[in-house]
Structures are given as C-alpha cells and as structure tokens.
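Trainee: need a structure here:
(chains A, B, C, D, E and F)
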There are 4 protein chains.
Amino acid sequence: MARVPAAERRNDLVNAAIQVIASHGVDGATTRRIAERANAPLATLHYCFQTKELLFAAVFERLTERYREVLIENDVHGDLVTTARAILRGLLNWYLESDSEFASASFELISWAQRQEEHPAVTVYNEAFNVVRSILARAAAGQDVTPGTIDQIGYVLSTLTDGFVVNWLTYADRARAAEQAEIVVEVFDAWLAAKLA
Amino acid sequence: MARVPAAERRNDLVNAAIQVIASHGVDGATTRRIAERANAPLATLHYCFQTKELLFAAVFERLTERYREVLIENDVHGDLVTTARAILRGLLNWYLESDSEFASASFELISWAQRQEEHPAVTVYNEAFNVVRSILARAAAGQDVTPGTIDQIGYVLSTLTDGFVVNWLTYADRARAAEQAEIVVEVFDAWLAAKLA
Amino acid sequence: MARVPAAERRNDLVNAAIQVIASHGVDGATTRRIAERANAPLATLHYCFQTKELLFAAVFERLTERYREVLIENDVHGDLVTTARAILRGLLNWYLESDSEFASASFELISWAQRQEEHPAVTVYNEAFNVVRSILARAAAGQDVTPGTIDQIGYVLSTLTDGFVVNWLTYADRARAAEQAEIVVEVFDAWLAAKLA
Amino acid sequence: MARVPAAERRNDLVNAAIQVIASHGVDGATTRRIAERANAPLATLHYCFQTKELLFAAVFERLTERYREVLIENDVHGDLVTTARAILRGLLNWYLESDSEFASASFELISWAQRQEEHPAVTVYNEAFNVVRSILARAAAGQDVTPGTIDQIGYVLSTLTDGFVVNWLTYADRARAAEQAEIVVEVFDAWLAAKLA
DNA sequence: AATGAATGAGGCTTCATTCAT
DNA sequence: TATGAATGAAGCCTCATTCAT
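Mentor: Got it, this is the predicted structure:
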C-alpha cells in the first residue's frame, strides 16, 4: 500500500467515516470498515487519530462546516420571511439529495453523541444555530423583531427539519418525502405569518 | 432457580432491554447488559428469545402498544382541532416525563430498525399513524374534512413531535424543552387554523 | 406433548440418535436435535439416559445387534469360500442401501468411540468379529482349516469392507461404489484362492 | 509481542490444529485448544485465519502435501508390481509410525470434510490418487497394462490402506496392526498376481 | 413419572487498540 | 513515518445438564 502523508490520510478517513456511518450506522462503523473504505491500513487510522472517538470528533467538525456551508449557500439576502423560508427549503432539499451522506450521518450520530463526554452533538447544533441566527438577524435588520423571536424562528426551523428527516429516514420514500416537504413549508409559513402579524 | 414462568421472564427481559437501550443506546444494549438488568443469567435470555433480534422485535411490539395507549389516553373526544391539539400535547408531555425510557428507546431504535430486514420501525410508525388517523376521523365526523387533510394533520403531528424529541434528546434540558413544547403547539395551532379556515 | 412411557421413549431416542448421527455427524448430534427428532422434550432425554454418553452406549448396543442380524441374514450355510464371500457381499450391499443410517452412523462413531473410557467401538468390532468367526467356523467344519486362518479371513473381510466404506462415504457416488464392490469381491476371491490353495 | 512473521504463525497454527485433531477429534479441536497448543492467543488464530473453517482448509492442504511426499518417498522406480507393493508398504508403515498425527488427523477429518460445502476430503483423495496413478503409470511403462487396470490398482491400494487404518485406530494395538499389515500386503499380492497373470 | 424452565461453561468471532519495526 | 502483526476484552450464541414442579 502506497505510503500517504498523514494530512491527506486524515481527510480520507473522515470522509470514509461519514460514508460508513451513513450506510452502516454508528455501531456498524468499525475502525476496520472505515480504514478499508479510506483505502488505508488499519493501523494508520490510529496513527492519524489516536482514538476512534477523536476521529468521530473530526467527523463532527466536518459536519459542522458542511451545515454552515449549506446554510450560507441558501441565504437569499431577502427580508426575514423570505430568508427564513429559503433556509428551510434549502435544508429540506439538501436532506433529500440522494448522495447526502452528511445528512444521514449527522442524524445517525445524534444519539451516539449524546453519550460522549463532550456532547459534540450540542456543538454542531449550537454552531448551526448561530449561523442561522446571524443570517436571520441580518435579514431582520430593518424590521421590528426581537432577538427572542429570531431564536424561536431558528428553533421552529430546526424542529421542522429534524421531524422531516426522521420520517424520511424511516420510510426512505423520496416521492412521499418531496410531498411532505411542501407541507412542512406550509406549516412554517402559517406560523410565521401568525407570529409576525 | 426461582422458577418464574416464561411469560414473566420474557416480560422482564423486554423491560430490561428498553431501559438499557434508553440509557446505553442500541449498540450499547448488549445481551449481557440486558440480562444483567433483568437479573437473569445470559443463557436465560437466549432461552426466552432465541436471538437478540427476536428480543428486539418484542421490544418493538411493546413500543407499538405503548404508543397506542398514549394516543388513546389523550383522546379527548372533542372536535377536530381540540382533539388534534390534545394528542400533540399528550405526546410532548409523554416524551418529557422523566421516566419515559419508552420515548428515548423508541427513538434510539429508529435508525437501527431501518437496517433490519423487516423494517420494524415502519411498523411502529404505521401503527401509530393508524391510531391517530382513526381518532382524528371520529373527531372530524360531523365536519367537512377530507381524508387527505386528516392524513396531513397526522403527518404534521408526527413531524413536530419528532423534531421536538431530537432537540430534547440532544440538549437534555427539561426547562428549555418545556418552553419549546409551547412553541410547537403554537406552530401546530397556526397551521391548523390556516388549514381549516 | 403427550406423556409417553419411558421404555418406549428410550427406543425412540436411540433411533433418533442414529438418524441424527448419520446425517449430522457425531458432533452435530446434539441432545436437542436428537430429542427433537424423537419428538420428545429435551428433559426426557436425560430422564431416560442420565447422560448423552449413556444414550450413545445404547446406540452402540443397537448397532452391535444390527451387525449381528446382517451377518446372520447373509449366512448361506455353504462351504467356507462360498460363505465368506456371501458375507462380504452382504455387508457391501448393506452399506450401499440408501437408508442404511446404521452404516454411516457406526462409521461416524468409530473415532468418537476411541476417545471414550470404555472404548465401545472395540466392543462392536469384537462382537461382529465373533459372529463372523462362528459362521465361518461352521462353514469350515469338514475342511482342514486352522482357527488362525479363520481369524485372518475375518480380518480381511472387515478390512475390505471398511476400506470400501471410507471411499463410499467420501465420494457418495453409488454407481462408482457399486463397481468398486465388484473389485473388492475380486480381491477377496484372489486372496482366498491363494490362501486355501 | 514476539513479532513472528505471519507465515510462520500460520504454520504453527496448522501444526497445532493437526495435533489437536489427532488427539481430540475434529469436534474436540476447538479454536481455543488449537491456539493454546500453538502458544498463541486466541485472537491471533483469527488474525491469521479469518475463520476456523479456513484454518481447516489449510490443514487439508498440508495433509495433501504430506500424502504426496509419502507416496513419492516410497516410489522405488521398479516394475509395476514392485512399485505398487512398495507404495502400499510405505503407506502402512507411515500410518504405523507413532508420531504420525497426520494419519489420524486426516482420518478424523474425512467425515467432517464430507459435511463441508467444498468437500475438501474429495480433494485430498483425488490428489493422492493422481500421484499414485502417475507413479504406477511410469512403472508400467514398458508393460502391457491398460489405464483401467492402473486405476483399479490405485483403488485397491487405498481400500486396503483405509481398511487397515480403521482397525488400527479402533484397537490402537501396534503389535497386532503390524501383523495385520503383513496380511494386507499378502492380499494385495494375491490379487495383483491374479490380475496381471 | 415426566417435563417446562433455567443455567454455567464454553463455542466462534470481532472489536478497538498497541506493539515492533 | 507508516504499517503489518498481534492481542485482551467483549460480542452473540449453543451445549449438556439440572432443577422444580
């Protein structure tokens, strides 16, 4: 096996971990499988990441980044309602993309993360939440909206998104999920309209 | 030695499994741990349930039952809006109850179940959905509501509930979750009002 | 399960054991499988035969009996050569019979029996040998044959038979085995002719 | 810790397996016992041979090799009769050698092998048969002998050998077996003489 | 007398990790 | 530095057997 510099290996391993988690679940994501997917010798995994836990931490960092990207990509720089809805749609679409291992993987990791010392899940959530908040805050700039309201919008955003994902992962029926995405947006709109009335 | 009827033993084991799953996650729910929790030798577990998988199937049955009970307990026999909201509140409260290992366990099991041949997760969902539908249908009896609408209400109900749970399991902060439950109900109300207007 | 008297059960269990040994091998012949085949509760096996070892001892007794029967059935009461050859043919045919679990079972048991305290395999062999000897002795009555020669004939008989079985069990090809039986008889004839010349 | 090359470790394990099979039987040849005999931790066994079955496959390869060696060592390069008899004697002596776990092990494995998917027992037999055939063919070079006859000689050779071994393993009485070896050779000679007359 | 229930011992295998080079 | 080799701990499961009724 060709000797590959550690930095590159780290990258490969994180990617491999995400793929394996997405397809085999957290508990199916063994070091061997991950190393194999990364085309790296098993020992290399521990050479690059002293511990499986540390590898997963890196996975979390990557997921955090990716969330941020998705959010920013979907920032339409419009008014509050328009912007919030765009974010929601962006997230739903992202989850629906077939190759979005990121989505399944991050979902897979939620309950695992809970049982870790450092609660990395919370970190991901907080990070994502901060990005959402800052996007919404700018969108609300001219309008008369309290920070509390923005937080609530963020919460509803994530609640709807997560609820949507649970169903989508359970049934794995894309057509059905696409329809449901519409309903989710409808719900969001109704609430926003009532809220900001 | 204690000569316990098999039915009871099976019961104990299912309970133990639920507790262990709730506290250690699906992958942390080893046969050893479950047997220990049930105060039974490991071999007894395999005497009662030839296979770990079969034990988990029994867990699913139990969860399905429990869901049904919770739903029925929260049927207020009012009109559609009142009834739907009562169900939502009932579910949220149930999830919030401290000793509700059922909730965490069933959530834990979702992604595991997905990877099983028979997809028991889908079964739980379908069962729960049917109960919700029948309750809502009766509530809507005199009113002019299409079956499609009732299905949508069911879907929104479960989406909001699941989204709520994800957050609650992530942060494990009861006070915060209690507040968020209010928001969730608010969202539901807003959408229902708009929908049925 | 209907309560069945122990005596009858013993019989069923021995039969079941022979069948299971023949089809699953000695090590595949578990108490559970045997009980199941005998249509008896597992505990009954140990009620009838304190130990698996004791059950197998009974199996050996049965095999010994059966060997004796086969030998006697094939005693043509002719002269030495005729009689000896008839016995050989009888044994080969018996082994070739498709439903002859006795044959496979007894062969399966040889090496197992070696490792038992009481060496039951030796007993079966000795018993069979004695029967052969007495048949041959009578056949040789008028002729001038030493006891040593009769023992040798017995030994060659069993050597050829066993060698034949090994091949037959290995290849499990009946047509081939049938041809080989002819050769075996040919070998026996040649030796007997030379010996008694 | 001793940093032994994998090839050597594999070798040790195969040897250990043969010894354990010879002394404890196929079903008594547990991974634990084999590892212990090889002075290796249990996990090492599975590092070298993913599966017990694969280890046993390696055992078969070794046995096949050894058979070939024994046959070739006993090729006296004489005429057909001389050569055939030399092979028979060589095999009988080999089986009689006290440290010949190979012999007992290979016999032990026959019935086990039958129940394997790939029937490795057949492979051992076929291999051995081919070697015998080629040796005999060369010995018969100048003589007027059909291939069919050579095959028959090979078959009789193995039948006599196997029959001899069954008895030897059953009684484990070396003196007796030595005498019987003489008879076996006598039988072979008589048949060959008649055959080639 | 006969059997459902129960179990300690041990089966094979896989895990994350560490060692030696 | 990077990796083949090695391993203790733990995974699930099955065995022959015994207990309590």
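Trainee: drop to CA atoms for contacts and neighbour counts, all remaining ones
Mentor: Will do.
Trainee: what separates residue A:70 from residue D:51, distance-wise?
Mentor: To residue D:51, residue A:70 is 46 Å away according to C-alpha to C-alpha, to the nearest Å.
Trainee: select the longest helix from chain A.
Mentor: helix A:147-171 (DSSP state H).
Trainee: buried residues of that helix, list them for me.
Mentor: A:150-171 (16 or more other C-alpha atoms under 10 Å in any protein chain shown).
Trainee: least trustworthy helix or strand in chain A by mean pLDDT?
Mentor: In chain A, no helix or strand scores lower on mean pLDDT, DSSP states H and E than helix A:101-114, which sits at a mean of 82.
Trainee: can you tell me the closest non-neighbouring residue to residue A:20?
Mentor: With sequence-adjacent residues excluded and distances taken as C-alpha to C-alpha, 6 or more residues apart in numbering or on different chains, residue A:20 is closest to residue A:29, at 5.6 Å.
Trainee: these two touch, right, that neighbour and residue A:19?
Mentor: No - contact criterion C-alpha atoms under 8 Å: residue A:29 and residue A:19 do not qualify, at 9.1 Å.
Trainee: where does residue A:170 land on pLDDT?
Mentor: Here, the pLDDT recorded for residue A:170 equals 82.
Trainee: sorry, back to before: report the separation between the residue nearest to residue A:20 and chain C.
Mentor: Applying C-alpha to the nearest C-alpha, to the nearest Å, the value for residue A:29 to chain C is 35 Å.
Trainee: just residue A:144 next, same as before
Mentor: 77 Å.
Trainee: that residue in helix, strand or coil?
Mentor: coil (DSSP: H, G, I helix; E, B strand; the rest coil).
Trainee: any idea how many residues pack against it?
Mentor: Other residues lying near residue A:144 total 8 when counted by other C-alpha atoms under 10 Å in any protein chain shown.
Trainee: for it, what are phi and psi?
Mentor: phi -100, psi 80 (degrees, to the nearest 10).
Trainee: find the nearest non-adjacent residue to the residue of chain A found nearest chain C, please.
Mentor: Nearest to chain C, among the residues of chain A, is residue A:28, at 32.1 Å (C-alpha to the nearest C-alpha). Nearest non-adjacent residue to residue A:28, counting by C-alpha to C-alpha, 6+ apart: residue A:21, 7.0 Å away.
Trainee: who touches that neighbour in this structure?
Mentor: A:27-29, A:104-105, A:108 (C-alpha atoms under 8 Å, 6 or more residues apart in numbering or on different chains).
Trainee: which residues of chain A lie near DNA strand E?
Mentor: Selection of chain A residues close to DNA strand E by C-alpha under 7 Å from any atom of the strand yields A:28-32, A:42-43, A:46-47, A:50-53.
Trainee: 10 Å instead?
Mentor: Contact residues (C-alpha under 10 Å from any atom of the strand) of chain A with DNA strand E: A:26-35, A:41-56.
Trainee: now, which of the residues you listed lie within helices?
Mentor: A:31-35, A:42-48, A:52-56.
Trainee: near DNA strand F, which of the residues you listed show up?
Mentor: Restricting those to those near DNA strand F - C-alpha under 10 Å from any atom of the strand - leaves A:32, A:42-48.
Trainee: I figured residue A:128 hits residue A:66, correct?
Mentor: No - in this structure residue A:128 lies outside contact range of residue A:66 using C-alpha under 8 Å: 9.6 Å.
Trainee: higher neighbour count, the two?
Mentor: Counted by other C-alpha under 10 Å, residue A:128 and residue A:66 do not tie: residue A:128 has more neighbours, with 22 against 15.
Trainee: quick one, what contacts the more buried one?
Mentor: A:64, A:67-68.
Trainee: how's chain A carved up into domains?
Mentor: The record's domain parsing of chain A by automatic domain parsing lists A:1-50, A:60-196.
Trainee: the least confident helix or strand of chain A - contacts with which helices or strands?
Mentor: Counting contacts by 3 or more C-alpha pairs under 8 Å, 6 or more residues apart in numbering or on different chains; DSSP states H and E, helix A:101-114 packs against helix A:6-24, helix A:52-73, helix A:120-139, helix B:147-171.
Trainee: residue A:104 - how many residues pack around it?
Mentor: Using other C-alpha under 10 Å as the criterion, the residues surrounding residue A:104 number 22.
Trainee: where's it relative to residue B:134, distance?
Mentor: Residue A:104 sits 32 Å away from residue B:134, taking C-alpha to C-alpha as the criterion.
Trainee: now residue A:158
Mentor: With C-alpha to C-alpha as the criterion, residue A:158 and residue B:134 are 29 Å apart.
Trainee: stretch A:189-197 close to chain B?
Mentor: Yes - against chain B, stretch A:189-197 shows contacts by C-alpha under 8 Å from any C-alpha of the partner chain at A:190-191, A:194.
Trainee: hmm, residue A:104 and residue A:19 touching each other?
Mentor: No - using C-alpha under 8 Å, residue A:19 is not in contact with residue A:104, being 9.2 Å away.
Trainee: buried stuff in stretch A:59-69?
Mentor: For stretch A:59-69, the neighbour count (16+ other C-alpha under 10 Å) marks A:59-64, A:67-68 as buried.
Trainee: list the contacts of the most centrally placed residue in chain A.
Mentor: Against the mean C-alpha coordinate of chain A, by C-alpha atoms, centre = their mean, the closest residue is residue A:67 at 4.9 Å. Listed by C-alpha under 8 Å, 6+ apart, the contact partners of residue A:67 are residue A:128.
Trainee: check it and give its pLDDT.
Mentor: Predicted confidence (pLDDT) for residue A:67: 89.
Trainee: now the one 3 residues further on
Mentor: The confidence metric pLDDT takes the value 93 at residue A:70.
Trainee: just the angle between the least confident helix or strand of chain A and helix B:6-24, please?
Mentor: Put simply, helix A:101-114 runs at 100 degrees to helix B:6-24, going by axes from the mean of the first three to the mean of the last three C-alpha atoms, to 10 degrees.
Trainee: so what's the gap between helix A:101-114 and the chain middle?
Mentor: Relative to its parent chain, helix A:101-114 has a centroid offset of 8 Å by C-alpha atoms, centre = their mean, to the nearest Å.
Trainee: taking helix A:52-73 as reference, get the angle to it.
Mentor: Going by the same axes, to 10 degrees, helix A:101-114 makes 130 degrees with helix A:52-73.
Trainee: need the contact partners of helix A:101-114.
Mentor: A:18-19, A:21-23, A:25-26, A:60, A:63, A:66, A:94-95, A:119-121, A:169, B:25, B:108, B:111, B:169-170.
Trainee: the inter-axis angle of that helix versus helix B:147-171?
Mentor: Going by the same axes, to 10 degrees, helix A:101-114 makes 50 degrees with helix B:147-171.
Trainee: do helix A:101-114 and DNA strand F meet at all?
Mentor: No - for helix A:101-114, no contact with DNA strand F is found by C-alpha under 10 Å from any atom of the strand; the gap never falls below 15.8 Å.
Trainee: got the angle between that helix and helix A:120-139?
Mentor: Using the same axes, to 10 degrees: helix A:101-114 against helix A:120-139 is 120 degrees.
Trainee: ok, back up a step: how close does the residue nearest to residue A:20 sit to residue D:85?
Mentor: 61 Å.
Trainee: now swap in residue A:179 and tell me
Mentor: From residue A:179 to residue D:85 the distance is 84 Å (C-alpha to C-alpha).
Trainee: pLDDT score for the nearest residue to residue A:157 once chain neighbours are set aside?
Mentor: Spatially, and ignoring its direct neighbours in sequence, residue A:157 is nearest to residue A:88 (6.3 Å; C-alpha to C-alpha, 6+ apart). pLDDT, the model's per-residue confidence, is 97 for residue A:88.
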